[in-house]
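**Q** no FASTA, just this:
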């Protein structure tokens, strides 16, 4: 997910709900639906990396699909279609591996290399992306790893495939690329991170501005919505001695795992919670304060303010009477309307470098 001050990295291109048209998923399955390629029929034979829900999945043999997805909204959509979803791939020697790579180059190459590694000899590897998000480059990457046996285009998307032939597989390149998104220390060892999570190798300016404006008087039980690899939570724990507990909510499991490693050493006896959820669906607790740098990109490069608005509404429902919301956003994003709708008191605390910090309290109806 993209947040102010960062580039869209985490989620796969063109994420859509199961109820909406998903041209990338449709194009991924096109060579099977038009008869160019055959689908394996046995149970558990189709590994789907960065899987997404959609009506087209009903065309796959019952019980064949093994979906892997670490992004909670997509996980939830797949579960709603009746699938058991893995958050990371297991096993090898799949007759078919489907891949919808993310936009971030290192993470995408690591996922593609993992697909080659997990395909059975003679198995198919099929990948797809929009032209705008690297479809042509994706073809080249697949060819570099394991050759290229076919490709098709539809609706500004490209699907490419190869039959795994060990004689064509570049084993050294596969081994190199699998490690491209490995966990590593950043910022002189201050944090653990990895390519693909939001602002993976730096502290984004918006989060830094919010942290600088948080009052040391924050106290009690708090939450960090869209916690990423945990930077903002570490700042809360370092700056606010009266905080007794902090829950981190994050949609991307890969980021949440990092946050657990980064934040836990700072707990010093304070309660911590880590929640792999879609925040827009609501929280299950109430808090004295909530901090957030909400995502605003989810599909391609188009801004989506509804996600951040969902964060604001979830926060308002989950604050105790008199509880505080501290939010940072790009200056141009129109969050004031929904904030004023659900909070009685709203103050612009800072407006610097293209970002705004908003403090809101007295959630209406609380």
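**A** Great, that's in hand. Keep in mind the model is a prediction, meaning the values are calculated, not measured.
**Q** just for the chain, where's the confidence low?
**A** Within the chain, the stretches with pLDDT under 70 are 1-21, 297-303, 366.
**Q** The stretch 101-250 of the chain: helices as residue ranges?
**A** Taking DSSP state H, counting those that start in this stretch as the criterion, the stretch 101-250 of the chain carries its helices at 105-118, 135-146, 171-178, 205-213, 231-239.
**Q** Quick check: which of the ones you listed is buried the most?
**A** Counting by mean count of other C-beta atoms under 10 Å, helix 105-118 has the highest mean neighbour count of the helices of the stretch 101-250 of the chain, with a mean of 23. Where you see a C-beta, it was placed from the backbone N, CA and C, and this is true even at glycine.
**Q** Touching that helix from outside, list them.
**A** The contact list for helix 105-118 (C-beta atoms under 8 Å, 6 or more residues apart in numbering) reads 9, 47, 49-50, 89, 91-94, 97, 99, 101-102, 125, 127, 134, 138, 141-142, 145-146, 164, 169, 173-182, 194-196.
**Q** would you list the helices of the stretch 101-250 of the chain in TSV and tack on distance to residue 275?
**A** Below are the helices of the stretch 101-250 of the chain laid out as TSV (distance: least, C-beta to C-beta, whole Å):
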stretch	distance to residue 275
helix 105-118	23
helix 135-146	33
helix 171-178	29
helix 205-213	19
helix 231-239	12
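**Q** Nearest approach to residue 66 belongs to which of those?
**A** Among these, helix 105-118 comes nearest to residue 66, with 10.1 Å by C-beta to C-beta.
**Q** Tell me how far the residue sitting furthest away from the middle of the chain lies from residue 116.
**A** In the chain, the residue that sits farthest from the middle, by C-alpha atoms, centre = their mean, is residue 167; the gap is 35.1 Å. For residue 167, the distance to residue 116 (C-beta to C-beta, to the nearest Å) stands at 13 Å.
**Q** swap in residue 101?
**A** 13 Å.
**Q** cool, residue 286 as well?
**A** Distance from residue 286 to residue 116, by C-beta to C-beta: 47 Å.
**Q** Likewise for residue 91?
**A** Taken as C-beta to C-beta, the span from residue 91 to residue 116 is 14 Å.
**Q** Repeat that for residue 56.
**A** With distances taken as C-beta to C-beta, residue 56 is found 24 Å from residue 116.
**Q** just residue 333 next, same as before
**A** Counting by C-beta to C-beta, the gap from residue 333 to residue 116 is 40 Å.
**Q** Looks like residue 97 contacts residue 47 (just checking).
**A** Yes. Applying C-beta atoms under 8 Å, one finds residue 97 in contact with residue 47, separated by 4.7 Å.
**Q** tell me the helices in the stretch 251-366 of the chain, going along the chain?
**A** Counting by DSSP H, counting those that start in this stretch, the helices of the stretch 251-366 of the chain are 253-263, 305-318, 336-342.
**Q** Export the ones you listed to a markdown table and append columns for mean neighbour count.
**A** Shown next, in a markdown table, are the helices of the stretch 251-366 of the chain (neighbours: other C-beta atoms under 10 Å):
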| stretch | mean neighbour count |
| --- | --- |
| helix 253-263 | 22 |
| helix 305-318 | 22 |
| helix 336-342 | 16 |
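**Q** gap between residue 364 and residue 358?
**A** In terms of C-beta to C-beta, residue 364 sits 16 Å off from residue 358.
**Q** Looking at the two, which has the bigger crowd around it?
**A** The neighbour count for residue 364 versus residue 358, taken as other C-beta atoms under 10 Å, is higher for residue 358 (22 against 10).
**Q** what's near enough to touch that one?
**A** 325-329, 335-336, 339, 346-349.
**Q** what's the distance between it and residue 247?
**A** Distance from residue 358 to residue 247, counting by C-beta to C-beta: 21 Å.
**Q** Check residue 113 too.
**A** Note on residue 113: its distance to residue 247, by C-beta to C-beta, is 35 Å.
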